[in-house]
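J.: show me how the following folds:
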Amino acid sequence: MLGNLRFYTQIVSTILAIIFVFMNFLGHWTADRFVQIVFFFGMVFAIFSAGIETEKKLKNRS
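T.: Numbers count the residues shown, from 1 in each chain. From the prediction side, this is the model:
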């Protein structure tokens with residue numbers, strides 16, 4: 001149960017990070033350059049983390 005919760009938490013946080021970065025890109029909200037860079041690298045980190053969790057889940061399945 002805890003593994004599923006961690007997996008879904010990673011997926012939701014990744015989707016939210018992607019939405020925040022693209023909302024900034026489209027101009028729905030503005031931020032300082034530093035905050036933009038932090039959100040971008042946070043998005044990249046979240047995508048890789050979700051990929052690692054997905055890989056773990058697929059390895060356990062087979």
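
J.: and the worst-scoring helix or strand of the chain on mean pLDDT, which residues are buried?
T.: Lowest on mean pLDDT, DSSP states H and E among the helices and strands of the chain sits helix 2-26, with a mean of 88. Neighbour counts using 16 or more other Cβ atoms under 10 Å place Q10, T14, A17, F20, V21, N24 of helix 2-26 among the buried residues. Quick note: C-beta positions are derived from backbone N, CA and C, even for glycine.

J.: for stretch 31-41, same thing?
T.: F39.

J.: how far off centre is it?
T.: From the chain centre to the centre of stretch 31-41 is a distance of 15 Å (Cα atoms, centre = their mean, to the nearest Å).

J.: and stretch 42-54, by the same measure?
T.: Mean-position distance between stretch 42-54 and its chain equals 6 Å (Cα atoms, centre = their mean).

J.: geometric centre of this protein: which residue is closest?
T.: By Cα atoms, centre = their mean, the chain has its centre lying nearest to T14, at 1.9 Å.

J.: that residue and V44 touch, don't they?
T.: No. Using Cβ atoms under 8 Å, T14 is not in contact with V44; the gap is 10.1 Å.
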